[in-house]
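Visitor: Sequence first, predicted coordinates after that:
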Amino acid sequence: AREALERLAVAGRPLPRNMAQMSPGEALALLRAARLIRAGGRDTVETYHERIRTVVLRHLAADRRRAHHRVLAERLAEAPNPDPDELVVHFHGAGDLRRASTWAVLAADRAAAALAFTRAAELYGNALSWGTYPSGQALVLTLARADALVYAGRCGDAAPVYLNAAAQTSDRLQEFALRGRAAEQYLISGRVESGLAVLKPLAQELDLPFPATDGGTVARLLVEIGRLAVRGGRFTERPEASIDPLDLLRLDTCWSAAKGLGFIDPVRAAVFSTHGMYLALRCGEPRRIDRADAYLALVDVNDRDALRATKARMRLESSRRRALRRQDPYLSGLTTILSGVAAMNGGRWRRAHALVDEGAGMLPAIGVTGASWERGIAHSMAMHALMMLGDFAGLSARAEAMYREAEETGDLFASVVALLYVARATVA
């Protein structure tokens, strides 16, 4: 009877009778009579109350607990379609880290497929900690963990994992790309010093502009603007597969740097965005051209020259229509959000609020590096629109929700923005 009660306590869930009691006997009947266990559904039994389970576990010696975990793990593994999460718990509890690691990978894959990214990241991390894998497989699992962290909105936590992956790969281009992802995730989550520490040497190695001084940055921006003006917007469309991967990497690094620095160092961000537009036109890949042009158009929307501002709004709307026509979820969402920002800059608050919320809803749940920055922009602009409309109750609710999410994910930038709007709603 004692063994059966201990096993049920260790299991933490209802068990089939033959698993709770390994040999025929009256043990289960005695435990039921003493109200220590009760019948569950489908011929199962469980501890009568959680307090009983807690007391049993408190007095259970470590070696007996491990033994029960092992029996449960072995029996559950023999069943058809076993639950990977349960097997992770019991093989780990039994001290069999190798098999726990194997099942952790399966459980992580299942969690990621169900969009449970926080759980997936935890399981991938456990698998890497518990098991020993060949270098190629270890890199795959490390990348899966980093991506899951990004999709869960924990960008600051993902950055060092990407750097870990970059240190593992022997592919130079992949190393550059992963360092670029790390820099982006550091910057968009408000970890500016860490992001710049990664971005600066990466930019130098990729032959991208990163002037050392403020004056040098302004001068380089003027050079980039002039070069882009001379070149014009002409390009020869080319499929992505025909373009040198290093050129695409340089272009994507410019995008990561521009959006990561936009609210921190706007002049340096403009250097990267202008240089990125020049590279995009030279490469001729339409999707990246629209992405870069939409970002630059947003800057020109605020120009004092009415004609220039009007042309910028038209460019932005053209990029949005092309994205919608191509049924590109990411670019459709991004350009719709940026159109909302443009509407806000023009004082059209209701239109702005509708567009940024619409754009955020278009963004895919997963992608190459997630869309936390884009959603953050949408939420920030929506809060500003609510404030300008005088909807302080709506502003307060939205700001508090954004703050809670930012605290959970460790997004320092979003946390500060949300607190500012909480304060504004409170004062109003």
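Guide: Ah, there it is. Numbers count the residues shown, from 1 in each chain.
Visitor: and residue 235, what are its phi and psi?
Guide: Dihedral angles of residue 235 (phi, psi; degrees, to the nearest 10) stand at phi -160, psi 160.
Visitor: And residue 210, by the same measure?
Guide: Dihedral angles (degrees, to the nearest 10) for residue 210: phi -150, psi 70.
Visitor: my read: it touches residue 199, true?
Guide: Yes. In this structure, residue 210 is within contact of residue 199 by Cβ atoms under 8 Å, at 7.5 Å. In short, each C-beta sits where N, CA and C put it, glycine included.
Visitor: Please identify which of the two sits among more neighbours.
Guide: Remark: of residue 210 and residue 199, residue 199 carries more neighbours, 26 against 19, as counted by other Cβ atoms under 10 Å.
Visitor: Which elements pack onto the one helix or strand that one maps to?
Guide: Element membership of residue 199 [criterion: DSSP states H and E] is helix 192-205. With contacts taken as 3 or more Cβ pairs under 8 Å, 6 or more residues apart in numbering; DSSP states H and E, helix 192-205 sits against helix 155-168, helix 172-188, helix 245-261.
Visitor: if we go to 7 Å?
Guide: Contacts defined by 3 or more Cβ pairs under 7 Å, 6 or more residues apart in numbering; DSSP states H and E place helix 192-205 against helix 172-188, helix 245-261.
Visitor: what's the offset of the first one from the middle of its chain?
Guide: Which is helix 172-188. When distances are taken as Cα atoms, centre = their mean, to the nearest Å, helix 172-188 is centred 14 Å away from the chain's centroid.
Visitor: Ok, stretch 267-284 next?
Guide: 25 Å.
Visitor: now stretch 327-347
Guide: The answer for stretch 327-347 is 21 Å, by Cα atoms, centre = their mean.
Visitor: thinking again about what came up before, want to throw the helices and strands packed on helix 192-205 into a markdown table with mean pLDDT, distance to residue 354 and mean neighbour count?
Guide: A markdown table is the format used below for these (pLDDT from 0 to 100; distance: least, Cβ to Cβ, whole Å; neighbours: other Cβ atoms under 10 Å):
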| stretch | mean pLDDT | distance to residue 354 | mean neighbour count |
| --- | --- | --- | --- |
| helix 172-188 | 96 | 25 | 24 |
| helix 245-261 | 95 | 23 | 22 |
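Visitor: now these in a markdown table, with distance to residue 402?
Guide: Formatted as a markdown table, those follow (distance: least, Cβ to Cβ, whole Å):
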| stretch | distance to residue 402 |
| --- | --- |
| helix 172-188 | 15 |
| helix 245-261 | 19 |
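Visitor: Those: which one's closest to residue 39?
Guide: helix 172-188 (50.3 Å; Cβ to Cβ).
Visitor: so where do the helices sit in the stretch 51-200 of the chain?
Guide: For the stretch 51-200 of the chain, the helices defined by DSSP state H, counting those that start in this stretch cover 62-78, 84-93, 97-113, 117-130, 135-151, 155-168, 172-188, 192-205.
Visitor: do the stretch 301-428 of the chain as well
Guide: With DSSP H, counting those that start in this stretch, the ranges of helices along the stretch 301-428 of the chain come out as 306-326, 329-345, 349-362, 372-389, 392-409, 412-427.
Visitor: ok, back up a step: quick check: angle from the helix holding residue 199 to helix 172-188?
Guide: With axes from the mean of the first three to the mean of the last three Cα atoms, to 10 degrees as the basis, helix 192-205 and helix 172-188 are set at 150 degrees to each other.
Visitor: Not counting helix 192-205 itself, show me its contacts.
Guide: Identification of contacts with helix 192-205 by Cβ atoms under 7 Å, 6 or more residues apart in numbering yields 159, 176, 179-180, 182-183, 186-187, 210, 253, 257, 260, 264.
Visitor: Report the buried residues of that helix.
Guide: Residues of helix 192-205 classed as buried by neighbour count (16 or more other Cβ atoms under 10 Å): 192, 194-196, 198-199, 202-203.
Visitor: repeat for stretch 46-54
Guide: Counting neighbours by 16+ other Cβ under 10 Å, one finds that the buried residues in stretch 46-54 are 46-48, 52-53.
Visitor: same thing with stretch 96-115?
Guide: 96-97, 99-108, 110-112.
Visitor: before we move on, back to that, among the buried residues of helix 192-205, which one sits closest to residue 34?
Guide: Closest to residue 34, out of all of the buried residues of helix 192-205 and judged by Cβ to Cβ, is residue 194, at 58.2 Å.
Visitor: Could you report the pLDDT at that closest one?
Guide: pLDDT for residue 194: 97.
Visitor: Please apply the same query to residue 45.
Guide: 78.
Visitor: got the contact list for it?
Guide: 8, 14-15, 17, 20, 28, 37-39 are the contacts of residue 45 under Cβ under 7 Å, 6+ apart.
Visitor: Wasn't it part of a helix?
Guide: No. Read with DSSP: H, G, I helix; E, B strand; the rest coil, residue 45 is strand and lies in no helix.
Visitor: separation between the spatially most central residue of the chain and residue 142?
Guide: The centroid of the chain falls nearest to residue 150 when counting by Cα atoms, centre = their mean (1.8 Å). Distance of residue 150 to residue 142, computed by Cβ to Cβ, to the nearest Å: 13 Å.
Visitor: Tabulate the contacts of residue 45 (CSV), appending distance to residue 415 and secondary structure.
Guide: Output for these, formatted as CSV (distance: Cβ to Cβ, whole Å; DSSP: H, G, I helix; E, B strand; the rest coil):
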residue, distance to residue 415, secondary structure
8, 43, helix
14, 42, coil
15, 44, strand
17, 51, helix
20, 47, helix
28, 52, helix
37, 47, strand
38, 46, strand
39, 49, strand
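Visitor: Please pick the buried ones from those residues.
Guide: The neighbour count (16+ other Cβ under 10 Å) marks 8, 14-15, 20, 28, 37 as buried among these.
Visitor: mind showing which ranges of this protein have poor pLDDT?
Guide: Applying pLDDT under 70 to the chain flags residues 18, 20-25, 41, 365-370.
Visitor: What would stretch 384-401 look like as PDB? C-alpha coordinates only.
Guide: What follows is stretch 384-401, C-alpha atoms only, in PDB (Å, rounded to 0.1, in the frame of the first residue of the first chain):
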ATOM      1  CA  HIS A 384      -0.500  57.800 -28.400                       C
ATOM      2  CA  ALA A 385      -3.500  57.900 -30.600                       C
ATOM      3  CA  LEU A 386      -5.800  57.100 -27.600                       C
ATOM      4  CA  MET A 387      -4.200  59.900 -25.600                       C
ATOM      5  CA  MET A 388      -4.700  62.400 -28.400                       C
ATOM      6  CA  LEU A 389      -8.300  61.300 -28.700                       C
ATOM      7  CA  GLY A 390      -8.800  61.800 -25.000                       C
ATOM      8  CA  ASP A 391      -9.700  58.100 -24.300                       C
ATOM      9  CA  PHE A 392      -7.700  57.900 -21.100                       C
ATOM     10  CA  ALA A 393      -9.600  54.800 -19.800                       C
ATOM     11  CA  GLY A 394      -8.600  52.900 -23.000                       C
ATOM     12  CA  LEU A 395      -5.100  54.300 -22.700                       C
ATOM     13  CA  SER A 396      -4.700  53.200 -19.100                       C
ATOM     14  CA  ALA A 397      -5.900  49.600 -19.900                       C
ATOM     15  CA  ARG A 398      -3.600  49.300 -22.900                       C
ATOM     16  CA  ALA A 399      -0.600  50.800 -21.200                       C
ATOM     17  CA  GLU A 400      -1.000  48.600 -18.100                       C
ATOM     18  CA  ALA A 401      -1.300  45.500 -20.300                       C
END
